[in-house]
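[1] Quick one: sequence plus predicted model below, questions after.
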Amino acid sequence: MKKNIAIAMGGYSTEFDISIKSGETVYKNIDTNQFVPYQIHITKENWWLVDDNNNKHLIDKSNFTAKVDGQLIQFDAVFNTIHGTPGEDGLLQAYLNVMEIPQTACNFYEAALTFNKRDCISVLQAYGIKTAKNYFVNQGDEIKPEEIVQKLGLPCFVKANRAGSSFGISKVKKTEDLEEAINHSFKEDDQVIIESFLDGREVSVGVINYNGETTALPVTEIISENEFFDYDAKYLGKSKEITPAQLTEQQTNEVQQEAIKVFNVLNLKGFTRAEFIFHDNQPHFLEVNTCPGLTEASLLPQQAEAAGIQLQDLFTEAINACFKK
């Protein structure tokens, strides 16, 4: 009997539209011989089952069901494609855990940890994973530009602590521009992380559970036309993405092993994508995405294709794996 799969997409953050595209990619490529897919739009106002005629059917949050033409639809699992809250910060995972409905992303605690850049970096540094130097600011704190520059130098990056897709991020070259950049990040989150500039090649490594093993996908090198890999570079074509990256075999193996180490240390599952910069010829960790983009422009699908893995097989594996405890 086919299993009903709710493809959760949308969310409460500025990444809503990107998440919808990711969810639509899964919907188009899911194996309908094994699964019956449903598009579930998660919005701040309500959660909806959206059918092929774009009709909306309200999700009953008390038991995560919907009625369509008088028929009660229950879901065997959730394919989580939400970027940002509530799908990447653990809120949806915790809800589904209470509902006893399996889902494809990492568990709720690990999601909350990785979504918080400060906490994630602090854990990984304890395991010897190299990162940039950093400085933390909370909304309401006194901003001390000179102190920040003394610790980190210039240029530096100012980031919203809990946001994705390069929202709320600035590259700062002058001390006098720091306060404006921090306030820009506060539009996305009330916590800000400021990091020293790492000069080097930026790469991205997908790590997945596939055929029962933790597998690193081919590495992508990111060459942005902009100052850094911002939203326009990611989604509006203003970057060059080379998969597989033109690295030495040693560099490739090293960064793939670091990505797997991150995956294992943080007890992740499903699909992840970790970002690194080769600074002083060594990979330095930037961040890990536990619900990475699955749009046609996204990196993980590119990497899967380079590895010879079809999207349908990738998605089937993720769904089947979530049923295994």
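    Yep, that arrived. Numbers count the residues shown, from 1 in each chain.

[2] Low-confidence ranges, the chain, go.
    The chain contains residues with pLDDT under 70 at 164-167, 225-238, 325.

[3] Which segments of it make up each domain?
    3-104, 112-130+199-322, 134-196 (automatic domain parsing).

[4] and the ones you listed as TSV, adding mean neighbour count?
    In this view, the C-beta of every residue, glycine as well, is placed from N, C-alpha and C. Output for those, formatted as TSV (neighbours: other Cβ atoms under 10 Å):
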stretch	mean neighbour count
domain 3-104	19
domain 112-130+199-322	19
domain 134-196	18
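
[5] Tell me which stretches of the protein form helices.
    16-29, 91-99, 108-115, 117-126, 145-152, 178-186, 231-235, 249-265, 299-306, 311-322 (DSSP state H).

[6] what about stretch 69-82, how long is it end to end?
    27 Å (Cα to Cα, to the nearest Å).

[7] Would you mind putting the CA coordinates of stretch 250-265 into PDB?
    What follows is stretch 250-265, C-alpha atoms only, in PDB (Å, rounded to 0.1, in the frame of the first residue of the first chain):
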ATOM      1  CA  GLN A 250      43.800  15.700  -1.100                       C
ATOM      2  CA  GLN A 251      41.800  18.900  -0.800                       C
ATOM      3  CA  THR A 252      38.600  17.100  -1.900                       C
ATOM      4  CA  ASN A 253      39.100  14.200   0.500                       C
ATOM      5  CA  GLU A 254      39.900  16.600   3.400                       C
ATOM      6  CA  VAL A 255      36.900  18.800   3.000                       C
ATOM      7  CA  GLN A 256      34.600  15.800   2.500                       C
ATOM      8  CA  GLN A 257      35.900  14.200   5.600                       C
ATOM      9  CA  GLU A 258      35.400  17.400   7.600                       C
ATOM     10  CA  ALA A 259      31.800  17.600   6.300                       C
ATOM     11  CA  ILE A 260      31.100  14.000   7.400                       C
ATOM     12  CA  LYS A 261      32.700  14.800  10.800                       C
ATOM     13  CA  VAL A 262      30.300  17.800  11.200                       C
ATOM     14  CA  PHE A 263      27.400  15.500  10.200                       C
ATOM     15  CA  ASN A 264      28.400  12.800  12.800                       C
ATOM     16  CA  VAL A 265      29.400  15.200  15.600                       C
END
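
[8] Start at 29, not 1
    Will do, 29 is the new start, and the previous item becomes stretch 278-293.

[9] ok, now which ones touch the nearest residue to Asp227 once chain neighbours are set aside?
    Of all residues not flanking Asp227 in the chain, His307 sits nearest, at 6.3 Å (Cβ to Cβ, 6 or more residues apart in numbering). By Cβ atoms under 8 Å, 6 or more residues apart in numbering, the contact set of His307 is Lys158, Leu226, Asp227, Gly228.

[10] If we use 7 Å, what do you get?
    Counting by Cβ atoms under 7 Å, 6 or more residues apart in numbering, His307 makes contact with Leu226, Asp227, Gly228.

[11] can you pull up the bridge partners for it?
    His307 forms beta bridges with Gly228, Gln310, as assigned by DSSP bridges.

[12] Name the nearest residue to Ile110, ignoring sequence neighbours.
    Gly39 (4.2 Å).

[13] Figure out how far stretch 174-187 is from the centre of its chain.
    Put simply, stretch 174-187 sits 26 Å off its chain's centre (Cα atoms, centre = their mean, to the nearest Å).

[14] Please apply the same query to stretch 283-302.
    Centroid separation for stretch 283-302 versus its chain: 12 Å, with Cα atoms, centre = their mean.

[15] before we move on, back to that, need phi/psi at the residue nearest to Ile110.
    Taking degrees, to the nearest 10, you get phi 100, psi -170 for the backbone angles of Gly39.

[16] Give me the distance between it and Asp59.
    Here the criterion is Cβ to Cβ, to the nearest Å. By it, Gly39 lies 25 Å from Asp59.

[17] what does Asp117 give?
    Taking Cβ to Cβ, one finds Asp117 at 29 Å from Asp59.

[18] what does Ile33 give?
    Ile33 is 10 Å from Asp59, by Cβ to Cβ.

[19] Show me the residue at the heart of the protein, geometrically.
    With distances taken as Cα atoms, centre = their mean, the residue of the chain nearest its centroid is Asn317 (2.8 Å).

[20] ok, it touching Arg301?
    Yes. In this structure Asn317 lies within contact range of Arg301 using Cβ atoms under 7 Å: 4.8 Å.

[21] Okay, Asn144 and Asn189: tell me how far apart.
    Here Asn144 is placed at a distance of 6 Å from Asn189 (Cβ to Cβ).

[22] oh, I was asking about Asp147
    9 Å.

[23] again, but for Val316
    For Val316, the distance to Asn189 (Cβ to Cβ) stands at 14 Å.

[24] Check Met127 too.
    In terms of Cβ to Cβ, Met127 sits 29 Å off from Asn189.

[25] Then Glu324?
    Distance from Glu324 to Asn189, by Cβ to Cβ: 29 Å.

[26] do the same with Phe306
    In terms of Cβ to Cβ, Phe306 sits 24 Å off from Asn189.

[27] And Glu204, by the same measure?
    To Asn189, Glu204 is 23 Å away according to Cβ to Cβ.
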